[in-house]
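Trainee: structure for this input, please:
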Amino acid sequence: MRVAVASCAAPGGQSAFSTPPSFMAESNSSDLIEVVHHEHDHLLKLFEDIGDTFEKISSGELDKARREEVLETASDDLKLALEEMLHHFNQEEEVFFVEIEKRRPDLADDIASLASAHELMCDRTRWLHRQLNQSRDTIADRSDEIQKVVKQMRNLLGQHTTNENRLFDSVLENMPPEERELLLAEMRRI
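Mentor: Here you go, the predicted model:
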């Protein structure tokens, strides 16, 4: 049974980017579990950085010129985060979730919950990015709400990563190494 791909994809199902995101090139490991953990750690770090950026923006400590620069950086970071999430979630849903559900049908509800969290994280990331396209006054007026969503995203991503690592580890550790290598190759093709 194939797991439905999250609605994180760009309209029309097209990928939002033409090349794999940067974090894919950073992990040269041949061990699937290490690669998955590396990608999860990268996404967590990216949202920690985004959270720090929003804290600077909402604190009022930046002069106007620096604030504009930080807002532009935040917008770029959110765009990158969404691209990397889309790529990573697509790999998980098209490769891992399908394989895990095939091997362990009893985990179908857990997999559905993880896929649902993918959709929620993409939606919230898009919402945050849209906020940065508002006027600077509107951003200032919404800074508490924006900061709240950023904190929720950091918490959601952290909890999601913990749940996903637990699920992946329990299944992948019991998979023969040659089968993990095949899954890693399939993941890298996406």
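Trainee: all helices of this protein, in order?
Mentor: Here the chain has its helices, by DSSP state H, at 22-26, 32-59, 64-91, 97-103, 108-131, 136-141, 143-172, 177-189.
Trainee: what would those helices look like in CSV with mean pLDDT and mean neighbour count?
Mentor: The C-beta positions use only the backbone N, C-alpha and C, and glycine is treated the same way. Below are the helices of the chain laid out as CSV (pLDDT from 0 to 100; neighbours: other CB atoms under 10 Å):
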stretch, mean pLDDT, mean neighbour count
helix 22-26, 43, 14
helix 32-59, 86, 18
helix 64-91, 89, 17
helix 97-103, 92, 18
helix 108-131, 94, 17
helix 136-141, 84, 13
helix 143-172, 91, 16
helix 177-189, 89, 14
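Trainee: now the end-to-end length of stretch 131-140.
Mentor: End-to-end span of stretch 131-140 (CA to CA, to the nearest Å): 10 Å.
Trainee: nearest residue to the middle of the chain?
Mentor: In the chain, the centroid-proximal residue (CA atoms, centre = their mean) is Met85; its distance is 3.2 Å.
Trainee: Met121 is in contact with that one, correct?
Mentor: Yes. Shown here, Met85 and Met121 form a contact pair, counting by CB atoms under 8 Å, at 6.3 Å.
Trainee: what residues does Ile33 make contact with?
Mentor: Applying CB atoms under 8 Å, 6 or more residues apart in numbering to Ile33 gives the contacts 168-169, 172-173, 180.
Trainee: closest to Asn155 out of those?
Mentor: Taking CB to CB as the measure, Phe168 is the one of the contacts of Ile33 closest to Asn155, at 20.2 Å.
Trainee: which residues touch the closest one?
Mentor: Taking CB under 8 Å, 6+ apart as the test, what Phe168 contacts is 33, 36, 96, 100.
Trainee: on that earlier part again, distance to Ala108 for the contacts of Ile33 - can I get that in a markdown table?
Mentor: Listed next are the contacts of Ile33 as a markdown table, based on distance: CB to CB, whole Å:
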| residue | distance to Ala108 |
| --- | --- |
| Phe168 | 15 |
| Asp169 | 18 |
| Leu172 | 17 |
| Glu173 | 20 |
| Arg180 | 21 |
